[in-house]
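Participant: Whatever this is, show me its structure:
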Amino acid sequence: MQTRTLIGILLTTFSFFLFSLQDASVKWLVAALPVCQVLFIRSLTIVAICVAIGRGPALRRASGSPVLRPMLLRTLLLLAAWLSYYTAARDLGLAQLTTLYYAAPIVVTVLAMPVLGEVVTPGRWIAVLTGFVGVLIACDVFGQGLNISLPVYLALQAAFFWGIATILLRKTALEESTLVQMLISSAFLMLFTGITLPFLWTPLGLAELGLIVGTGVLAGVGQFALFEGMRRAEVSLLAPFEYSSLIWGFLLGFLIWHEVPSANVFVGAALIIGAGVVVIGAERFGRRAVQS
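Facilitator: Numbers count the residues shown, from 1 in each chain. A predicted model of the protein is given here:
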């Protein structure tokens, strides 16, 4: 496997770990605060970091960037995905919510062919499907089942929007610097969520404010790692590694909320890890076969 591709995999996997930490923080916060308020302060934090690093040149580049329109569309998709996801979270259990959300890597893999022109190898398809089966087992869907309802639809909608947003990210990743993309995306999100603040604002304590700002820092580093990963590897190759965040999710659930994973979680986690191994092995041996 090329070093560039391997770095892309490592960066993307690291970003999903940070996003899992972010999700845990947001889950804690939205119990008492509006989602839009949390997303606004989070985005403001990322914008402040980008401006502090890039200063004037970054602002000028962002204002006339060729990716402004696709980034605007991507931000709207992400906002719709987050609102759908956290609305569904109020009614769905963790198993159902997580399982439905992880339809996103399949959406990414399917769209990578017609939209990005990527060649999705059998190894990548096997990895995506293996990882999804691992999610089903870890979440005990076979035992609990899924009931069609509005929250279920919202969770599926979130997965679909996230998949399209990932495809757009790959298209823009090669046309603009990571810092400028982060600045544009967070500025748009800050604008859209800020419109609702006069109607939804809830007073914050210092602890809550500090947690949201910390969440913004985590999200900023995660975005940087994700954007840089997308610049180095194809999305159909990276899609299965999104399942790794399920492992982090269960680990954080144990550490924060004292949720003890059952045996099916470990079986599912093994399949998820195996999906990543399948991708790396298939890409490595595939390249060797081509070279020989």
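Participant: Quick check: mean pLDDT of stretch 105-112?
Facilitator: Averaging pLDDT along stretch 105-112 yields 73.
Participant: What of stretch 256-264?
Facilitator: Averaged over stretch 256-264, pLDDT sits at 70.
Participant: Kindly report the same for stretch 61-73.
Facilitator: Mean pLDDT, computed over stretch 61-73, is 86.
Participant: Same check on stretch 21-38?
Facilitator: pLDDT averaged over stretch 21-38 gives 83.
Participant: Please list the residues outside that stretch that contact it.
Facilitator: With Cβ atoms under 8 Å, 6 or more residues apart in numbering as the test, stretch 21-38 has contacts from 82-83, 86, 89, 193, 196-197, 200-202, 204, 208, 211-212, 214-215, 218-219, 222, 245, 248-249, 252-253, 256. In this view, the C-beta of every residue, glycine as well, is placed from N, C-alpha and C.
Participant: Buried among those? Make that a PyMOL selection.
Facilitator: This is the PyMOL syntax for the buried subset of the contacts of stretch 21-38, where burial follows 16 or more other Cβ atoms under 10 Å:
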select buried, resi 82+83+86+89+193+204+208+211+212+215+218+219+222+245+248+249+252+253
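Participant: So which of the contacts of stretch 21-38 are in helices?
Facilitator: The helices, defined by DSSP state H, take in 82-83, 86, 193, 197, 200, 208, 211-212, 214-215, 218-219, 222, 245, 248-249, 252-253, 256 from the contacts of stretch 21-38.
Participant: okay, now residue 150: neighbour count?
Facilitator: 10 (other Cβ atoms under 10 Å).
Participant: For residue 76, give me its contacts.
Facilitator: Contacts for residue 76 were tallied using Cβ under 8 Å, 6+ apart; they are 188, 192.
Participant: let's see 10 Å
Facilitator: 161, 165, 188-189, 192 (Cβ atoms under 10 Å, 6 or more residues apart in numbering).
Participant: Pick the one among these closest to residue 154.
Facilitator: The closest of the contacts of residue 76 to residue 154 turns out to be residue 161 (Cβ to Cβ; 10.4 Å).
Participant: any idea which element that closest one lies in?
Facilitator: When elements are assigned from DSSP states H and E, residue 161 belongs to helix 150-173.
Participant: how far away is residue 110 from residue 163?
Facilitator: Distance of residue 110 to residue 163, computed by Cβ to Cβ, to the nearest Å: 8 Å.
Participant: typo on my end, it should be residue 135
Facilitator: Noted for residue 135: a distance of 15 Å to residue 163, by Cβ to Cβ.
Participant: Repeat that for residue 270.
Facilitator: 25 Å.
Participant: chain center to stretch 188-208, what's the gap?
Facilitator: 22 Å (Cα atoms, centre = their mean, to the nearest Å).
Participant: what's that stretch in contact with?
Facilitator: 28-29, 32-47, 68, 71-76, 78-79, 82-83, 210-212.
Participant: Please apply the same query to stretch 212-220.
Facilitator: 15, 17-26, 28-29, 33, 37-50, 53, 182, 186, 204.
Participant: Restricted to buried residues, select those residues in PyMOL.
Facilitator: The PyMOL selection below is limited to those of the contacts of stretch 212-220 classed as buried (16+ other Cβ under 10 Å):
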select buried, resi 15+17+18+19+20+21+22+23+24+25+26+28+29+33+37+38+39+40+41+42+43+44+45+46+47+49+50+182+186+204
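Participant: Hmm, residue 110 is touching residue 166, no?
Facilitator: No. If you go by Cβ atoms under 10 Å, residue 110 and residue 166 don't touch, sitting 11.7 Å apart.
Participant: Looking at the two, which is more packed in?
Facilitator: Ranked by neighbour count (other Cβ under 10 Å), residue 110 and residue 166 place residue 166 first, with 24 against 17.
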